[in-house]
Every structure is written in structure tokens, then in C-alpha cells.
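Novice: Predicted model follows, preceded by the sequence.
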Protein chains: 2
Amino acid sequence: MIQTLRKSEVMMENQERSSSRAGMNGGGPKKLVDLLEDPLPGVGTYEDFNTIDWVREKSKDRDRHREITNKSRQSTVALLRSLSDAFSGWLLMLLVGLMAGSALAGGIDIAAHWLTDLKGGVCLIGFWFNHEHCCWTSNETTFQERDRCPQWQSWAELIVGNSEGAFAYIVNYLMYIFWALLFAFLAVILVRAFAPYACGSGIPEIKTILSGFIIRGYLGKWTLITKTITLVLAVSSGLSLGKEGPLVHVACCCANILCHLFTKYRKNEAKRREVLSAAAAVGVSVAFGAPIGGVLFSLEEVSYYFPLKTLWRSFFAALVAAFTLRSINPFGNSRLVLFYVEFHAPWHLIELAPFILLGIFGGLWGALFIRANIAWCRRRKTTRLGHYPVIEVLVVAALTALIAYPNSYTRMSGSELISELFNDCSLLDSSQLCVNVSETGVGNSLADRPAGEGLYTALWQLALALIFKMLITVITFGMKVPSGLFIPSMAVGAIAGRLLGVGMEQLAYYNHDWLIFRGWCSPGADCITPGLYAMVGAAACLGGVTRMTVSLVVIMFELTGGLEYIVPLMAATMTSKWVADAFGREGIYEAHIRLNGYPFLEAKEEFEHSSLAVDVMRPRRGDPALAVLTQDSMTVEEVETVVDSTHYSGFPVVVSQESQRLVGFVLRRDLLISIDNARKRQDGVVSTSQVVFTEHAPTQPPEAPPPLRLRGIMDLSPFTVTDHTPMDITVDIFRKLGLRQCLVTHNGRLLGIITKKDILKHMAQIANRDPDSILFN
Amino acid sequence: MIQTLRKSEVMMENQERSSSRAGMNGGGPKKLVDLLEDPLPGVGTYEDFNTIDWVREKSKDRDRHREITNKSRQSTVALLRSLSDAFSGWLLMLLVGLMAGSALAGGIDIAAHWLTDLKGGVCLIGFWFNHEHCCWTSNETTFQERDRCPQWQSWAELIVGNSEGAFAYIVNYLMYIFWALLFAFLAVILVRAFAPYACGSGIPEIKTILSGFIIRGYLGKWTLITKTITLVLAVSSGLSLGKEGPLVHVACCCANILCHLFTKYRKNEAKRREVLSAAAAVGVSVAFGAPIGGVLFSLEEVSYYFPLKTLWRSFFAALVAAFTLRSINPFGNSRLVLFYVEFHAPWHLIELAPFILLGIFGGLWGALFIRANIAWCRRRKTTRLGHYPVIEVLVVAALTALIAYPNSYTRMSGSELISELFNDCSLLDSSQLCVNVSETGVGNSLADRPAGEGLYTALWQLALALIFKMLITVITFGMKVPSGLFIPSMAVGAIAGRLLGVGMEQLAYYNHDWLIFRGWCSPGADCITPGLYAMVGAAACLGGVTRMTVSLVVIMFELTGGLEYIVPLMAATMTSKWVADAFGREGIYEAHIRLNGYPFLEAKEEFEHSSLAVDVMRPRRGDPALAVLTQDSMTVEEVETVVDSTHYSGFPVVVSQESQRLVGFVLRRDLLISIDNARKRQDGVVSTSQVVFTEHAPTQPPEAPPPLRLRGIMDLSPFTVTDHTPMDITVDIFRKLGLRQCLVTHNGRLLGIITKKDILKHMAQIANRDPDSILFN
């Protein structure tokens, strides 16, 4: 009984749907059917590892919105529903901001801080306190010695009761390695056991997903939970990786999960991607405490379809997240990030020369890093190395801990290192980099000073740390643990910048009378700020690796808060990008996308070849003709034969095989589901039934089986280009409209089809790469 | 002789062109002809008041770029040319930044400052000094009395030798009115005489131009010169207008003129618009000293096609301009703007209520202002009022001066007023708004204070100023002088905000024990910052009028520099936008675009109606069939008949009248030029010659005149949609690809055409507006 009812419902819906389409045509008063509910479950959805059709998704959402608006005029309840629908976007943004800002970023910060400190020792008041917190709680320290208190004991003190001497050092060393290995092991095991998608930075995949690709489970709850936990472990293990990139992934997971609360976003892939774009902004906003920079990062680096409405909402979400994080105050200084800095000294035009030098260094390093890292990752993919991810992680973690411990600059975490390097020396600062203060003693405390003994040691250590960081990051990024690239890149740049800055400071101190220093750097003045050099270097290296531009400068600007430091940052970032681009135009994320064979059509680069659509379309010359369906002259069986004998995702529908005049386009998935459903439920549809795509079924002999009407699942407005369309225009159309496929016509006749994959293969071919590296459609 | 040579050149070029197109088709090694030079002068250019074809322009630029790249592999000179071509964009940006920042913004600031002060008096040391500068130069003043010095004499002192008493007041009053009238008269006369396009804010027209419209002379040198001079005069005349909006126009003029230095930008309408987008950012950057805000303003409010490359370059140009302006230092305080502020007091969550109240006020005022202003401007357009622009300006200027002088808050210039209202009271401040200091005397100088007598007077004056500004701005904006809306809108909001802020302060002072103040506002504390309220109010009103969102918040953020004030600003801006949108979704600029009938397709709003392409296309049902050309069966005479009997801008080319299968699209202008040219130059082309659009001319009888081959001017890749394409998708395609027209097919047959104008007319019809208000194509 129930089945019969449902059957007739389906039939009615099918008829209503096609009659509503026909009704629209008439231009009279339009009766709208409920387009919110799909007539058949599954029709209009996508398979895993497939590209969505942006135009169809957006059109679906507009239909939905139109229907709600129309209804809202009829009753108060519907009006309220319409209002709640309009505000659900904002509510969702608020939730994303709150969740990403509080539960995750704050939690990750606090946990990572604690675990990192655990490698060095433990708090006797409670093992859950981190070093700083432990000494605050103890209340026995002065300001100078805030990180030394009896309650915090190093492992040597705890185990052998002694904190001095070689033996204690070795005990601490071993415990450091032990914890590092334990954390790394847990991280890689958890990733393998629960969510393989949780590894890496996630930004390449998110870029691909935002461009319209489907990877089921990539933004799911298991990935979220696993990534959050393993990120803390991986960061704490001392590996050369950061948490900033993965935070973007974590924020996107949050957003994706929260999307399920709202029908509007759950059911529409395009709308959901708007939310994910905002979530990417949220991720960077909490990572760097830079809401504007985060939004620009999402706009510049991650997003594909970023309408202005999304810009405004992203900004809102980023701000909510930043303020949530600040009210949690994970660093205990009411700053959003560990490396907030405030410079006071101005810079001089002549200093642009070293800044540009840093830009060149950053660009070179970026280009080199990308090549080395991609080569290493390709080796991991193709050789037996890839079969032992756990051992790989353990070996790298052991190596890192072994080398890092003796050098205080590599022993501290990446963000602490950056924070120290960005810092300007002042009297209160007890950093080794500022020990030259004690030598001069008197005079202006901020003035340039001659280097002391301690500083030379520090410089040596820094130089070694630079080499170590440069090498280890290449093999670390891409391992099967969550790993961000922002912090290691910035650390490399900051070290190089600080070294150059100190060098400049000494040069200026001993050579006040040189032409280049004369006039602006008198003796006793504070003319060179090594911290600024570190910052510029960090921006240059990050720029070289990721090829970010505006967003990078704005993020750095938000860290310092001074508009006058934008110019050095901009000079370095521009140089870095130009230098790196000269070696290869891809940033690290694009390179990883290509390595993984995702179908990503880069929006930034122009298609520069002069080929035409006819050169790219399938079927190629000599291939069998394009598989098409006719609008009213094929039986169910014939259609099934066509579908089964090919692997295409969709088929054009033409008037007749002879005329090849295009009527519409039907997706394989929809076709299969509909035929299957009709066979099961619809009376009398058999293999010899005629498949009809026209509005009115052609007259048939009375004894013929009832036709299968499929106009409802056909896309009546497929995109077409002519065979003479230059490919640069075609690529532009694909990018801007987010197409999946496009039909090619010649003088009004259907000639072939171009899919996104065809375009990517063609582009690979032009660039002398393997076209078969593009794996997905 | 020369003519014969040129003739054969043209023929060769035509042949080369068509053979190169055919060659591309083959897929073999491609021989490229010089596509940089048009085969015929005029082909490929546009008429005045017409829409450009973005796709064609961008494709042209890619052809050019490809050719340069190909050549660069051949010789070093060509490589250098290619490099210089690549960097010409940056060079152009540098020049735009320098020119807009220095010569114009700096010059305008200084001149306007001087002329504004001239209304009150004159400097005896030299009449070219403004008030402040005069007293600096005199060196006889203390810090407190920096604006009172014997060298600066009011007109009364100079004329009647007395600065006190009623008579002196009247003399000053009259002189003030005299100067105001003189400046206003000069401004309107100069605009009428030299450049009618110099009037208004220019932003509506620039939005339209950036969306792909051509208005010749709108960004020319005469407009630049006239606008710069008259802007100074108009601002100085005391009219309720600002210079911020017009600065965008001035910067775009600079950019457009500088574009002529580079072939790349001179010859390509699309590339030039990239530069103009950046120039809009430069304009706002120098107006508010907010480079990031300027770029976002250009992105959000003005631009249409804004690729990421432009974002980065805009940022560069905006920064160059801001730093140029700062090194000129027009305000003598090394700040970029007059109303830079620095707040120190935090705000409390409860204060969000008054901030949202300000948002509601701003939204209401914005909606009301737009309606009133548009009604007034429509009246000016349709009644006799519009025939007397000079008298109108003089009457409004006289009225403004007459009412403004007695009230010190309206007497000062708009930006001074805003600066005063934004200011936080401190001991050094001698402003009337802060006179309550003297009463309490002791204690925390920053604490909330009871209001003194002087403050009550100031509040009354402010309230009157508010009403006056609200009324006078409605009739001022849109007059035939350069007039910006930013400053008047912000002034209205700042007054309202300050009034509310002082109210809150008094409330908190007398009611410390109220629940809402308890806990955060103890007696003697500085809990309410009236300056912040003024700032929030200014943002709310500006947001209500222009519907800016992100850019507005970022501009305000850059004025204050404190991240924590973003939340109040955002709350107010969001509320303001929502409230204003409830009354009508158009901002003031869109409203003016519509008033002027420009063909502007708003990118922000979704098309929400359910019509199909077939409902919008021409010919409508019952109209005569679409005028088409056939590819090889029409004579020159027949083509001319078709062209002459219609007014369409272009014609589809079909295989034959019977099949209606589409081959290409040819523009009327190109067709006329080519036929005209062929008749003049090409041997034997007469009225009976066959017009051939195919690759190979059909065989003809030997005595027939030679055919006219026009494949070269035909667009071989016209855009098509099917008749069933929903209009929301069609509108999306038009917006995203920047189309001018699109052909409509049904089952592969040509059915009709949709132009941008058709879409705009259809949209007007849906919104119950007059479709004939869309004037241009």
C-alpha cells in the first residue's frame, strides 16, 4: 500500500516538474513546485572524488531562495522562516568563529604549550601546569626570574636529584628525545588509525575542495578530532612544523560540521563552500591574530568563488574568532599571538637594500624548498619509503630531537624562536641575543651597541640552527602527521633576517662615518632594529614558499600594528615573489595539488597557449564519435548500452543522430538512478520502453510499453562554445563559471565535449608534464 | 603609389589573418601574424557611450602577451622588451601613486586649507600662508595659543581695525559670505566652461566605466585639471561637501592619462580598467590615509573585474600614494589625515547597545537621504530647476554661508568638525566640547566629568548643526560642482554619535550605581569615550548612505589603529546596512547610476526572478524575425540593406536562412568600416560583390565581381545560451564574463539575442520601474 502511494507520488512529482518547466516557458503566472525536495533520492548529488557543477548548485540555491521569498508573502510563519533563513548565514558564521576560536585554537595553544614544556620538566604543584603557569601559580618569583621557580623541576632534578653537571644534562637530553618520540609516535599512529586525511597541512586539499571538488570525509568529524589531537602531539614533539596551516583545516572541519545544522548549507555544495572560505579566514585569523589578514588570505590563497557577501561574513567570523581567542588568553598576555611585536624606531631608506637582499634570500629559499620537498614527496610516493610512514616519522623525530637539543634556538618551539628573534632588545630583556647590553652599561639603552661575547655564541648557534631548519623542514613537510609550513618558513627567514640585522647593527656601530650611515645614524643612536630584519626575513621566506602577497603583508602589518613597516615588508615580499617565480610559478600548495593529481584550475595564472577548443575537445581526430543520446528515438535498453559501453560522466542529448543539434545534457549518475528507479517502481517500464527527453511524448502504437520520460533530469541549458573558441577564453569560462564540462559545436552541430580534466591534461601537455598525472575528473 | 602599397598591405594582412586562424585550426606549428596592429583603423574599437566586450579585450591582450613572449626567446632586445612590458604595470602603478599622492592630494589639501582660512582672515606675512602656518612662521605663540597670533588678522581687523563688537562681527560675516559665494561661483563657472564631467563625486560614473562602459573625456586631462581646481574652490566655499569621493575621480583621471604612456594599457580597454581599479584604491588611500581600506574599497564598492594581480598592484599604488602624501605632510603633523585619532580607554560590552542604536540611526538616515536626494535630483533633471545650475549653486552657497557662520561647528570645515568630534578630551584640549575639565580641576584628568555650562551650549550648537547638515546635504549633493559625500555623511554621524556619547557619559557619571554601569564604571573612572561614539556614528551614517561594509570598517580601523575598536564599528555598520537595506537595497552610487540610465549590472545582487532566456530575448513573440547575415549568400548591397534597416550593434551570421545554424557574430561598426574600406581601396568590390564569411569562397561564375571576404572581422566564438536557460544563470554569465550580448538558441537553431540592455530593461520591468530609463547599450 505504502509503496503504491509513493509510486504515484513520484510520478506526480515528475509530471509536475516537467509541467512547471513548461509553464515557465509560457510567461504566464508561474506555479512553482517544491524544488527543495529532490524528486528522486540521489539525483543531483555527486560521487566522491568528483567535481561539482557550480552553476547548477547556485541555481538550485536561487530556486530555493525564490521559493522561500514567495512563500513569505503568504503567512507570518513563512515570513519568520524566511527571516531565519536570511540570518542563518550569520548565525553559522558566529558559531564557526566561536568554535574555531575557543574550543580549538585556544585548546590547541594551551595543550601544545603544556606538552612542549613537558619535554623539559614537570610542575610539582600539578603536572597539568606548563612552565610559565607553574611559576605564576607558585608566586615566589620576581619579574626577572619568572621562568625559574622551585616548583618547576627538570627531569634530571626529578630523577637524579641534580640539575647541574654532565649526567643531569644527559638525563634531560634522553628524556627530551623520549618525549619527542612518544609524541611523534602517538601522532602518526592516531592519524593512521582514525583519519588518514588528518595528515599534512590540508591547505592544498582545501583549495581543491573550494574550487569545487568532493573529498568525502576530508572535513568530517573524525578528521577534526584526530587532527586536533595529533596536531598538538606533532607540534609538541619538536618536529620542524607549525600549527598555523593545519588550523585552517581544523576551522574548515568545524564549519563543515556546523553546516549540517542548516538545511541551506547542508544540501548545497556551493553554499557550503562559501562557509568554508570564511572558515579558512577564521583559521588564519586565530593562528596569527590577524582578522583582516585572514580574510585576505582566504581571498588570495585559498578561495575560488568568493563573492562580496562572503567577504563581509568572513570578516565577521574572523573577528569573532580572534576575540574569542583573546578572551581565552592562551598566552597570558592578552595578545592574540606569541610573537606580537611593537617597534618604535623608524627605518631609513638605505635599509631597503638589506631588506631586498632578504627578499632575494627568501625567494631563492622558497624556490629551492619547493623543488626539494616535491622531489622528496615524489620519492615517498613512488619508492618503498612510502610504505613505512611510522618508521619515517620516528626516524625524523629522533633526528630532530637529537640535533635540536644541544642548540637552545632549535630546542625551543618554532613560535618561541620567532618571538625571540622578532623582539627588540631592551633593558628588561634577558635574551642571549641582547647580552651586549651589560657591556656598555651606561648611555641610551636602546642605542646600537657593540656585540658582546654572548652575542657571538648566539650568532653561531643561530647560523647552525638556520642550516638545520632548512634541511629538516624539507623532509618533515609531507610526512603522515599534521604539519604546517608557516612557522618553519618564518623561522628560517627570521634567523636569516636577525643575522643580517645584527651584522648591519655592528657595521653601523663601527662605521658611523660611512657615507651610507652618515646623516641618519649618529653614534649612540638606535638606528638599526635587528628585530625588524627578522620580521622582514620571515615575511620574505614565507612569501617565497607560499607566494602570498597582499595577505602576507597585511598579516605582518597586523602583527606589528605600524603602517610604516609595510614598506620594508612589501619590498621584501615583492622581491621574494619575483625571484621565486623566476624558478617556477607554483607555490608549495599548488605543487602539492599537482603532485596529488587533483583537478584544480589555477585562477591566478593566464592560459598562454594559442590552441583552440577543437584541439582540446574529445573525441580527438580518429577517435570514435561522441556518445550521444537522442531525444525521442532510443529505448531504455539502447540507452543502457550506451551508458555501459562508456565511462563518461554525462551524455549530450541531440535531436537526432543525423542533425546532431543539441537539446541538453544528462548526467550518467542521474540517468542510472532514474532508470533503475523507473524499472523498480513505474508501471510497465521495460527494456523496450522508449526514453523521451522531449516535452510531449511522440505518438506511439497503442501496444507499445509506456515511455520513460526523463526531461526532468536533463540539463536544458548546457554550456556550449564553438570549435573556434580560443582555449584562453574557454579556460576563462571554466574558471569564472566553475564549469565541469562544456560542449563544443561547429555551425550549430554538436562536435565534442571538453571537461575540466581535458583542460588540465592539455595544460600539463603544454608544460611538458605527464597528462596522466591528472587523476580525477 | 603609396595608396597602392597600402592597399596590397591590407589585402595581405587580411589573408594572413584568416590563414592564421585557419592554421591554428590544424594544430601544426603555428605562425603568428602581428596581432598588435589592427588590420583596419577603427576595427575593434568602440563608440562613445557603448559597452566594451571584456572577453574580446582580454583575449586581445593575451594574444599580445603571447606574441611578446614568443619573440623574447629569439633575441636579447626582444627579451628586454618583454621584461619592460612585464614591469610596465608596476612602473605605471608607481607613477599613479606618486602623481595622485603628491601633485593632487597634497596640493588639494594645502590649497583647500588655505582658501578655507582665507574666508576668515588673511596672513600679514604673506597672503599665501594659512592660519596655522602663519602663526608657526611668526614664532611668537605659545603652544596653547598656536592659532592666535598678531600676524593673522580677521577681515574685520584689517578693514575696520577692530576685532570686537557687533560691527566687526558683521564685517566678518559678510566677508565670509562674499568669499563663499566667490569660490562657489568660480567653481560652477569653471566646470561649465571647461569640463562638464568634473561635477559630482564621479564614483557612479567610475563604477559604470569600470564595469565596461565608455564615456570619452570623462577621465581626460581637462576633466582632471578642472576637477582639481574646482574641487578646491567648492570645498573652500563651505558647501556641505567633501573632497574624498572626487579624489577617487581625480586619481582615476591621473591613471587614465598615465596609461597613454604605455601601449599595453593605451590600446586595451580591459587592461586600462585594471589600472583604473587600482587608481580608485589610490584615491581612497590618500583621502583617508588608509591603503588597505582603499584597496578593499576598490574591491568592494567600485571595481567590477578585479583579479588578484590587480589587488597586489593596487596595494602597491595605494601605499606609494600614502607615503608620498605623508612626506608632503600637508597637515603638518606627519599624519596622513586630519582626523587621526588614538583612543586608550577600552569599551564595555553593554556599550554595544548605544552603538547599535547609532547603527539604526545611520541606516535610517542613509535610506532617507538616498530617497530625498534622488527625488531632488530627479526634480532637477525634469523641471526648470536644472536650467539654472549657476544660480542654484549660488543660492545654496549663500544659504549655507548665511546659516553656517553663526554656529562655530558649521562654520569650520567638515573635516575639522569631524576631527574635533572624534577627539578624546584631555587636559591639553581647549575645545569647547571639553570645557567641563575646568570645573572639576583635580583628580584623574581622563575621568568622566559632569557637564559644564560651556558643554551645554556646545551640545545645543551641535544639535542645530546636525539638523542643518542633514537638510543642506540633500540639496547639495548632485549640484554642478565637484561634491563628495563621505565628509558630510560622516559629519552627520559624528555629531549624532558625540551627542549620544556625551549623554551616555553624563548618565554614567550621575548613575554609577545603575545595574548596567555597576562593575565597570566606578566613580572617577574614564568609562565612556564620547569620541568613540562619534566615530561609530560616522561609520554608521557613511555605511547607511554608501552601503560599504568591510572597506568602511577597515578604513575606520586604519584611522584609529586599534583592533579592539573594530567590534563597535562592525556592529554599527552591520546594523546600519541591514536597516537601510530594509528600505531599499541601493546605495547612493547605484541610485545615481540608475538615475542617469547607465548600463550597470550590479554584481552584488542576485537575480531573483524565475524568467527564462526566451522571455528576455529579442525578437519578442510577434516581432519580425531576427536580422541575420548568411555566411556566403548575400551581396554587399543586401548586407547594407540589413544594416541600414536596423539599429542593432551587431548581427549573427548563420549558415543559411533556412537552417539558422550559427556561424559567428559581426559588429555593426566593424562591418561598416570594412565595407567602406573595401569599396574605397579593394579592387573591384562593388554592390553586387558577394560577402563571404567562410574560410574558402564558394565557386562563382567567372564574370562575377570579386567577393568581399569578411571572416577576419567575425567573432568566431559568440556566446550562446539555450532558450531554456534560467535568467539567473544568464545574468551570472553576463556579469562574470563581462558580456555585451549573448545569442539564444533552441535545439541548435538560432532564435534570438540578449544584450546587456535587454537584461537591465527586464530587471527594471520586474522591479516595476520604467524600462526605458536604461538609456545606453
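Specialist: Thanks, I have the structure now. Worth saying up front: this structure is predicted, and the values here are computed from it rather than measured.
Novice: Strands along the stretch 501-650 of chain A, start to end?
Specialist: Ranges of strands in the stretch 501-650 of chain A, per DSSP state E, counting those that start in this stretch, are A:629-630, A:634-635, A:650-654.
Novice: Which helix or strand lies directly C-terminal to the longest one?
Specialist: Read it as strand A:650-654. strand A:662-667 (DSSP states H and E).
Novice: average pLDDT across the helix or strand just after that next one?
Specialist: Next helix or strand after strand A:662-667 toward the C-terminus (DSSP H and E): helix A:668-681. Helix A:668-681 comes out with an average pLDDT of 86.
Novice: buried sites along helix A:668-681?
Specialist: A:669-671, A:673-675, A:677-678, A:681 (16 or more other CB atoms under 10 Å in any protein chain shown). Where C-beta positions appear, they are placed from N, C-alpha and C, glycine not excepted.
Novice: cool, stretch A:45-58 as well?
Specialist: A:46, A:50-58.
Novice: Spell out whether it and chain B are in contact.
Specialist: Yes. With CB under 8 Å from any CB of the partner chain as the criterion, chain B is reached by stretch A:45-58 at A:55, A:58.
Novice: what are the ranges of the strands in the stretch 51-200 of chain A?
Specialist: So, for the stretch 51-200 of chain A - with DSSP E, counting those that start in this stretch - the strands run A:121-123, A:152-154.
Novice: nearest to residue B:752, of those strands?
Specialist: strand A:121-123 (78.3 Å; CB to CB).
Novice: What strands line up against that closest one, and which way round?
Specialist: strand A:152-154 (antiparallel) (DSSP bridges).
Novice: I'd like the buried residues of helix A:668-681 laid out as JSON lines, including distance to residue A:469.
Specialist: Formatted as JSON lines, the buried residues of helix A:668-681 follow (distance: CB to CB, whole Å):
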{"residue": "A:669", "distance to residue A:469": "48"}
{"residue": "A:670", "distance to residue A:469": "52"}
{"residue": "A:671", "distance to residue A:469": "55"}
{"residue": "A:673", "distance to residue A:469": "53"}
{"residue": "A:674", "distance to residue A:469": "58"}
{"residue": "A:675", "distance to residue A:469": "59"}
{"residue": "A:677", "distance to residue A:469": "59"}
{"residue": "A:678", "distance to residue A:469": "63"}
{"residue": "A:681", "distance to residue A:469": "64"}
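Novice: Widest-spaced pair of these?
Specialist: Checking the buried residues of helix A:668-681 with CB to CB, the most distant pair is A:669 and A:681, at 18.1 Å.
Novice: ok now stretch A:109-116, how far from the chain's centre?
Specialist: 23 Å (CA atoms, centre = their mean, to the nearest Å).
Novice: ok, the residue lying closest to residue A:664 once chain neighbours are set aside - contacts?
Specialist: Among residues not flanking residue A:664 along the chain, residue A:714 sits closest, at 4.1 Å (CB to CB, 6 or more residues apart in numbering or on different chains). By CB atoms under 8 Å, 6 or more residues apart in numbering or on different chains, residue A:714 lies in contact with A:653, A:663-666, A:693.
Novice: pLDDT score for residue A:714?
Specialist: 90.
Novice: Would you mind measuring from the residue of the stretch 551-700 of chain A found nearest chain B to residue A:597?
Specialist: When distances are taken as CB to the nearest CB, the stretch 551-700 of chain A reaches nearest to chain B at residue A:661, 3.0 Å away. From residue A:661 over to residue A:597 the distance is 36 Å, taken as CB to CB, to the nearest Å.
Novice: higher neighbour count, the two?
Specialist: residue A:661 (20 against 15; other CB atoms under 10 Å in any protein chain shown).
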